[in-house]
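K.L.:
What would the 3D arrangement of this be:
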Amino acid sequence: MSLVRLNIKGISYSQTQNGAYALILNEIEGDRKLPIVIGAFEAQSIAIALEKEIRPPRPLTHDLFKNFADRFDIVVKQVIIHKLVDGVFYSSLICERDKIEEIIDARTSDAIALALRFDAPIFTYKNILDKAGIYLKVDPKNEDDETADDSVLVDDILAGELEPTVSQEDYSSKTLEELHKLLEEAVNSEDYEKAARIRDEVSKR
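P.N.:
Just a heads-up that it's a prediction; the model follows:
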């Protein structure tokens, strides 16, 4: 079976299911997306790894694993999403130490959080993408807008209705000084998803 390389398109949140998020993976050489429902902690950890400029005051669990692995010369070479059963994705970490390769079973959300920290590529098998991959609906008005957000809500995934999502809070009316203050408060309170959205607004300015 042939492997298909994926990258991370973004993370979306559920408006009705508390603590439910969707991680959106995108095939590099194609337009299909692979949505994976994940928990709040994993979503936060992945968002932190994506936002290089946001550093938590204490290491998260995945940061601890990375520090531990670095200390003992263990490298995560790649992540493979290798199975899909009843809507649940199964993944493996391909690790190497002293030129000996080991395969370790992992939850997909944890595997991807670690892949980001090790700069490891993410793959899945073509048959899994054929089965679970989707094409997102795009609003024709935003079709040519490179900044258009084509992530999807968890509710829409579960309902089978895939539409673009919107930001949870509008920061456009805030000044840069207010945004930096909000960003600092969000990081200190360890609300990293909010911090990521604020950082995005700062980047636009």
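K.L.:
Quick one: the strands in this structure, in order.
P.N.:
Listed in chain order, the strands of the chain (DSSP state E) span 3-13, 20-27, 33-39, 75-85, 88-97, 100-107, 122-125.
K.L.:
Which one of these lies nearest to Glu201?
P.N.:
With distances scored as Cβ to Cβ, the stretch of these nearest to Glu201 is strand 3-13 (15.3 Å). The way it works is simple: take the backbone N, C-alpha and C, and place the C-beta from them, glycine included.
K.L.:
Could you measure from the residue nearest to Lys131 when sequence neighbours are not counted over to Tyr125?
P.N.:
Leaving aside its chain neighbours, Lys131 sits nearest to Leu84 (6.2 Å; criterion: Cβ to Cβ, 6 or more residues apart in numbering). Plainly put, Leu84 is 9 Å away from Tyr125 if you go by Cβ to Cβ, to the nearest Å.
K.L.:
ok so, going back, of the strands of the chain, which is nearest Tyr135?
P.N.:
strand 33-39 (7.3 Å).
K.L.:
quick one: that closest one to chain centroid distance?
P.N.:
How far strand 33-39 lies from its chain's middle: 8 Å, per Cα atoms, centre = their mean, to the nearest Å.
K.L.:
List the buried residues in stretch 69-88.
P.N.:
Ala69, Ile74, Val76, Gln78, Val79, Ile80, Ile81, His82, Leu84 (16 or more other Cβ atoms under 10 Å).
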